[in-house]
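Enquirer: model this:
(2 chains)
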Amino acid sequence: MAAGPAVTLKRLWRHNRWLTIAFALTLTLALVFIIRAGVFFVYWQQHRDEPIEGWMTVRYIARSYRVDPKIVHDAIGLPETGPDRRPLVRIAREDGKPLDAMTTRILEAIRADRAARGQPGGTLPAPDLSNPGTAPAPSPQPSRQP
Amino acid sequence: MTVYLLEFLTSYGLPAAALLLAIGQFGVPIPTSLALLTLGALAANGDAELATAVLWAIAGATLGDQAGFLAGRFVILSAEGRPGFLGGLARKARAAEPKLQKWGASGVFLSRWLFTPLGPAINIASGITGLSWPRFTLWGVLGEGLWVSIYISLGYAFGSNIETLSGILGNLSMALAMLALAAFLGWRLKLAVQAVQARSGRKSEGRQ
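Expert: Just a heads-up that it's a prediction; the model follows:
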């Protein structure tokens, strides 16, 4: 065809407008998602210390901050009965320890451990708690125990 | 919401994870991939059993798939022969059946683990168009097995900062789904262009 792609595009626009728009839109969205994935990837590589959240278990936190699980375990005063599989929110609920106090002690212990090993403690990320004071609630709360 | 989901998952363990996956595979937009990554990370740290976690996850995801499939089939079987939107949908579905028997199984399989955002829609569509139940179930379970294994392994291997990891993977799978859609639309466009060119070719021949 001598007229080339410009004519083809014009024809497409005239006869298959919605199909053309949908095609361009899905391609654009694909590109946007690829870029977003790249941004997340760069962020992920630079942030290895994950802000402490209530769902995390003792050993998950220890892994994220690259310390011995025992340091986290002892920081929140858990008994010496082997590893504890519970997440912080459950420890808070069942043992009556406020979540924010626990995370503060954990971060202090991690900082102390890194200082003792001569690593730069740097700035540890602030905990990200949905409900910092999860202590034994004075108000009657519906129990979600199974 | 992500925080509550993770607290629910870690507080109540594997049955909670299965429930979340079932809800997610049915089509409610909750971060199911993140749930799987979490299971992997928990297993890596010794807070969950790996094999049991995989089994619970496949069971939950399959439950959600079946619910979507049955919803599609139930809605259409009750509407067949009736006028209106649903009746029309049922007639269209009947017409699409031969094509679906040929391609449906691979669609089900690929949408389980590669083009995951399309999964719930394909469950319902498979039910509507009458893809045979054993084929749907077989390819569904195989695909879910692959999906569950991939995400739990990633969670197991990386084990920390899985929320950001889930952001990477979520965006990648959306990009893949969009590329698949674009490929389909591009193919339709190509057919349309060829049709237009053939028509104009005939026209110019007529003028000479």
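
Enquirer: any weak-confidence spans in chain A?
Expert: A:1-3, A:121-122, A:131-146 (pLDDT under 70).

Enquirer: The same query, at a cut-off of 90, please.
Expert: Counting by pLDDT under 90, chain A has low-confidence residues at A:1-20, A:40-50, A:66, A:80-83, A:117-146.

Enquirer: quick one, domains of it?
Expert: Domain ranges of chain A: A:4-46, A:48-135, per automatic domain parsing.

Enquirer: Of the ones you listed, flag the one that's most buried.
Expert: The highest mean neighbour count among the domains of chain A, using mean count of other Cβ atoms under 10 Å in any protein chain shown, belongs to domain A:48-135: a mean of 17. The way it works is simple: take the backbone N, C-alpha and C, and place the C-beta from them, glycine included.

Enquirer: near chain B, anything from it?
Expert: Yes: for domain A:48-135, a contact with chain B is found by Cβ under 8 Å from any Cβ of the partner chain, at A:48, A:50, A:53-57, A:59-60, A:62-64, A:69, A:83, A:85-87, A:89-90, A:128, A:130.

Enquirer: Residue 63 is in what secondary structure piece?
Expert: No chain in the question, so chain A it is. If you go by DSSP states H and E, A:Arg63 is part of helix A:58-64.

Enquirer: meant chain B, my bad for not saying
Expert: Assessed by DSSP H and E, B:Leu63 sits inside helix B:50-79.

Enquirer: chain center to that helix, what's the gap?
Expert: Centroid separation for helix B:50-79 versus its chain: 11 Å, with Cα atoms, centre = their mean, to the nearest Å.

Enquirer: elements contacting it?
Expert: helix B:2-26, helix B:32-44, helix B:84-113, helix B:119-129, helix B:133-158 (3 or more Cβ pairs under 8 Å, 6 or more residues apart in numbering or on different chains; DSSP states H and E).

Enquirer: And those helices: which comes nearest B:Gly68?
Expert: helix B:119-129 (3.0 Å; Cβ to Cβ).

Enquirer: buried stuff in that closest one?
Expert: Residues B:Gly119, B:Pro120, B:Ile122, B:Asn123, B:Ile124, B:Ala125, B:Ser126, B:Gly127, B:Ile128, B:Thr129 are the ones in helix B:119-129 that count as buried (16 or more other Cβ atoms under 10 Å in any protein chain shown).

Enquirer: now do stretch B:195-205
Expert: B:Val196.

Enquirer: tell me the mean pLDDT over it?
Expert: Summarised as a single mean, pLDDT over stretch B:195-205 is 72.

Enquirer: Could you check how many residues crowd around B:Thr116?
Expert: 23 (other Cβ atoms under 10 Å in any protein chain shown).

Enquirer: ok so, going back, B:Val75 is nearest to which of the domains of chain A?
Expert: domain A:4-46 (26.0 Å).

Enquirer: Does that closest one reach chain B?
Expert: Yes: counting by Cβ under 8 Å from any Cβ, chain B has neighbours in domain A:4-46: A:8, A:11-12, A:15-16, A:19-20, A:22-23, A:26-27, A:29-31, A:33-34, A:36-37, A:40-41, A:43-44.

Enquirer: chain center to that domain: distance?
Expert: 30 Å.

Enquirer: do stretch A:37-56 as well
Expert: 6 Å.

Enquirer: Using CSV, write down the CA coordinates of that stretch.
Expert: What follows is stretch A:37-56, C-alpha atoms only, in CSV (Å, rounded to 0.1, in the frame of the first residue of the first chain):
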residue,chain,number,x,y,z
ALA,A,37,7.2,-2.7,39.7
GLY,A,38,10.6,-1.2,39.0
VAL,A,39,10.1,1.5,41.5
PHE,A,40,9.0,-1.0,44.2
PHE,A,41,12.0,-3.1,43.3
VAL,A,42,14.5,-0.3,43.9
TYR,A,43,12.7,0.6,47.2
TRP,A,44,12.8,-3.0,48.3
GLN,A,45,16.5,-3.3,47.7
GLN,A,46,17.2,-0.2,49.8
HIS,A,47,14.9,-1.0,52.7
ARG,A,48,15.7,-4.2,54.4
ASP,A,49,14.6,-3.3,57.9
GLU,A,50,10.9,-3.6,57.7
PRO,A,51,8.9,-1.4,60.1
ILE,A,52,7.5,-3.6,62.9
GLU,A,53,3.8,-4.4,62.6
GLY,A,54,1.5,-6.3,64.8
TRP,A,55,1.2,-9.4,62.6
MET,A,56,4.9,-10.1,62.7
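
Enquirer: contacting residues around that stretch?
Expert: Stretch A:37-56 is contacted by residues A:61, A:64-66, A:87-89, A:92, A:99, A:103, A:106-107, A:124-131, A:134, B:3, B:6-7, B:9-11, B:38, B:160-161, B:163-165, B:167-169, B:171-172, B:175 when judged by Cβ atoms under 8 Å, 6 or more residues apart in numbering or on different chains.

Enquirer: Right, I'll leave it there.
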